[in-house]
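Enquirer: Requesting a structural model of the entry that follows:
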Amino acid sequence: LFLIGYLIYFQVVRGEEIANSPYNRKRQNLLAEKVVRGEIVSANGEVLARTIVDEDGNETREYPYGRMFSHVVGYSLNGGSGLEAAYNIRLLRSHSFFLERIKNSLTDTKNIGDRLVTTLDTGLQTAAYDALGDNEGAIVVMRPKTGEVLAMVSKPDFNPNNIEEMWDYFTSEEGENDSSLVNRATQGLYPPGSTFKILTTLGYLKQNEDQYENYEYVCDGHIEVDGEVINCYHNTAHGTLNLRRSFALSCNSSFVHIGLSLNRKQMNSLCNSFLFNRSLPIVLPYSQSTFEMDQNMTHEKLMQTVIGQGDTLVTPLHMAMIVSAIANDGTMMAPYFIDHIENDSGDVVKTYKPSVAASNLLTEREAQILTDFMQDVIEEGTATSLKNDDYSVAGKTGSAEYGEEKGNSHSWFVCF
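Expert: This is a model prediction of the structure:
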C-alpha cells in the first residue's frame, strides 16, 4: 500500500517536476522530435517567445521583445533559463485536437506545442525596463492579493535571440564577471538597508502593542553604544521623534535605540515567519534571504542589523513579497508567472490559481499602522519627490553600503 501510494504521489504530484528535470533530457529530446515548441505570451496576448519553422523544417526560437523579457522568459538553448526552463516540458507537450494529432502522426508532421499565457503585462514591463535605464539592478511588480508577477526586469541583460552565438563569451571568465545572465530580481542578494526598518518597526509594534504611541527619542545625528557609533544620513540631527516620525525620516539613531530594546528571539522568529532563512515558493531559480539575531550577537552587529546592514541579505522579489503582505493585511501570496496553459486553438489545458506562502504575519491593525507610516514617507519623509495628487503611495526608501570603498551603496525603494 505504501509503495502504491508513493507511485501515485510520484506520478501525480512530482511527475511534471521530474519530467522537467535537466537530467531527463532524453525524454525531452524525444518530445522535441514530435512537437514544435509552444509559444509564451504576455497577459495582453503579445508573443514573448515563439518557434519559427522554415521551408526545410529548421526551427529557430525567436524572442520578439529581445532584451526586455530576457531574464524572466529566459532562453531554451544551452540548458535553458527562466520560464523556458521552468516550463520546458509543458511547451513540448501538445494538446491539439486529437484528430489533428492522429493526422500528424500518419503524415510524420510535428504537433504544435501548448502555449504558456503568463501574468506579465507588456506595458508595465516596458515602463519598468525604461525606468531602470542603464543602471544595474532589478524591478519587480506583483499583485499583492494574488501573487501574480506583472513585471520583472534585471540589468545588465542579454539578447536571448543570439544566446548561442554569445555562449562562449558568457561562459568565459570575462562573461561570468559581467553577470548578464544572473536574474538579479530572484538571485541577487543585497543588504536591504532602511527598507528593513519595516520589519524592525513591526517587531516593535508587536512587542509594544499598547505603548508604541508613547515612543519618543531625541536624535542628535548619531548614537553611540559601547564605543560603536551609528550616524544618521549626513549626520542630520532629527530632534525629538515619535515612532511615526522616526520611520518617515528613516532615523538610524532612533532605530538603533528601538532595536536595542527588542526581544531578540521574537525578532528572529518574526523574520523567519516572513521567509528569511527559508525556501521561497517560486518556480524560477532564486537565492535564499538570510537574517540572524540571537542573544550572543554583539551590540555592534545588532546596531547594523536593525537598520538593514550587517549580514542580512535579501532579494528584490522577496522584498516585494514582504511589502505585498502588508498591502494584503498580513497574508503573503506565493509569486506566480503563468495564468494558464492552452493548446494551439486556444482551449485551456491547465489553470494556475493563487496560493498562500505565509499567513497571519501581522494583524489588520498592524498592517494599517505600517501603511500609514509608509504613506508618511511619501508625504513628508525621505520620498517626497514621489508625492502625487493623482494617487497615493505607501513606501520605504533604503540605501545600504557595500565594499570597502566609502560611498558605495545600493539604492532601494519598496512600495504599494
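Enquirer: how about the strands of the stretch 101-250 of the chain, start to end?
Expert: Taking DSSP state E, counting those that start in this stretch as the test, the strands found in the stretch 101-250 of the chain are 111-112, 115-118, 137-142, 149-155, 217-219, 222-225, 228-231, 239-241.
Enquirer: Output the ones you listed as JSON lines; include the columns mean pLDDT and distance to Pro64.
Expert: Heads up, the C-betas are built off the backbone N, CA and C, glycines and all. What follows is those, written out as JSON lines (pLDDT from 0 to 100; distance: least, Cβ to Cβ, whole Å):
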{"stretch": "strand 111-112", "mean pLDDT": "90", "distance to Pro64": "18"}
{"stretch": "strand 115-118", "mean pLDDT": "98", "distance to Pro64": "14"}
{"stretch": "strand 137-142", "mean pLDDT": "98", "distance to Pro64": "21"}
{"stretch": "strand 149-155", "mean pLDDT": "98", "distance to Pro64": "17"}
{"stretch": "strand 217-219", "mean pLDDT": "95", "distance to Pro64": "53"}
{"stretch": "strand 222-225", "mean pLDDT": "92", "distance to Pro64": "54"}
{"stretch": "strand 228-231", "mean pLDDT": "90", "distance to Pro64": "49"}
{"stretch": "strand 239-241", "mean pLDDT": "95", "distance to Pro64": "52"}
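Enquirer: how about these in JSON lines, adding mean neighbour count?
Expert: Formatted as JSON lines, those follow (neighbours: other Cβ atoms under 10 Å):
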{"stretch": "strand 111-112", "mean neighbour count": "22"}
{"stretch": "strand 115-118", "mean neighbour count": "24"}
{"stretch": "strand 137-142", "mean neighbour count": "22"}
{"stretch": "strand 149-155", "mean neighbour count": "24"}
{"stretch": "strand 217-219", "mean neighbour count": "18"}
{"stretch": "strand 222-225", "mean neighbour count": "16"}
{"stretch": "strand 228-231", "mean neighbour count": "15"}
{"stretch": "strand 239-241", "mean neighbour count": "14"}
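Enquirer: Quick one, which of the ones you listed gets closest to Ser70.
Expert: strand 149-155 (7.9 Å; Cβ to Cβ).
Enquirer: Show me which residues of stretch 73-90 are buried.
Expert: Going by neighbour count (16 or more other Cβ atoms under 10 Å), the buried part of stretch 73-90 is 73-76, 80-90.
Enquirer: Work out which residue lies at the spatial centre of this protein.
Expert: With distances taken as Cα atoms, centre = their mean, the residue of the chain nearest its centroid is Leu317 (1.6 Å).
Enquirer: quick one: whichever strand or helix holds it to chain centroid distance?
Expert: Element membership for Leu317, per DSSP states H and E: helix 316-327. Chain-centre distance of helix 316-327: 8 Å, with Cα atoms, centre = their mean, to the nearest Å.
Enquirer: Show me what that helix is packed against.
Expert: Using 3 or more Cβ pairs under 8 Å, 6 or more residues apart in numbering; DSSP states H and E as the contact test, the elements touching helix 316-327 are strand 137-142, helix 184-187, helix 197-207, strand 332-333, helix 364-380, strand 409-415.
Enquirer: Next, format those as JSON lines and append distance to Val283.
Expert: Converted to JSON lines, the helices and strands packed on helix 316-327 look like this (distance: least, Cβ to Cβ, whole Å):
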{"stretch": "strand 137-142", "distance to Val283": "14"}
{"stretch": "helix 184-187", "distance to Val283": "10"}
{"stretch": "helix 197-207", "distance to Val283": "26"}
{"stretch": "strand 332-333", "distance to Val283": "14"}
{"stretch": "helix 364-380", "distance to Val283": "28"}
{"stretch": "strand 409-415", "distance to Val283": "23"}
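Enquirer: Touching, Lys350 and Asp339? I think so.
Expert: No. Using Cβ atoms under 8 Å, Lys350 is not in contact with Asp339; the gap is 10.2 Å.
Enquirer: neighbour-wise, which of those two wins?
Expert: Set side by side, Lys350 and Asp339 show more neighbours around Asp339, with 19 against 13, by other Cβ atoms under 10 Å.
Enquirer: Next one: Leu241 from Glu216, what distance?
Expert: 7 Å (Cβ to Cβ, to the nearest Å).
Enquirer: looking at it, Ile198 is touching Ile326, isn't it?
Expert: Yes. With contact defined as Cβ under 8 Å, Ile198 counts as touching Ile326 (7.3 Å).
Enquirer: Now do the shared contacts for these two.
Expert: Leu370, Met374 (Cβ atoms under 8 Å, 6 or more residues apart in numbering).
Enquirer: Is it correct that Gln125 is in contact with His71?
Expert: No. Contact criterion Cβ under 8 Å: Gln125 and His71 do not qualify, at 11.0 Å.
Enquirer: Show the contacting residues for the residue nearest to the centre of the chain.
Expert: Contacts of Leu317 by Cβ under 8 Å, 6+ apart are Val140, Met152, Ala185, Thr186, Leu280, Ile282, Tyr286, Pro335.
Enquirer: Max pairwise distance over the residues you listed: which two?
Expert: With distances taken as Cβ to Cβ, the most widely separated pair in those is Met152 and Leu280, at 13.9 Å.
Enquirer: Tell me, what's the model's pLDDT at Glu16?
Expert: Note for Glu16: predicted pLDDT of 63.
Enquirer: brain fart, Val283
Expert: 95.
Enquirer: In ChimeraX, how would I select the buried members of the contacts of Leu317?
Expert: A single ChimeraX command is used to select the members of those judged buried by 16+ other Cβ under 10 Å:
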select :140,152,185,186,280,282,286,335
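Enquirer: picking up where we left off before, just want to know which of Gln125 and His71 has more residues nearby.
Expert: When Gln125 and His71 are compared for neighbours, His71 comes out ahead with 28 against 25, by other Cβ under 10 Å.
Enquirer: Go ahead and list the helix or strand containing the more buried one.
Expert: Using DSSP H and E, His71 falls within helix 70-73.
Enquirer: tell me what that helix is packed against?
Expert: Under the contact criterion of 3+ Cβ pairs under 8 Å, 6+ apart, helix 70-73 touches helix 82-86, strand 149-155, helix 184-187.
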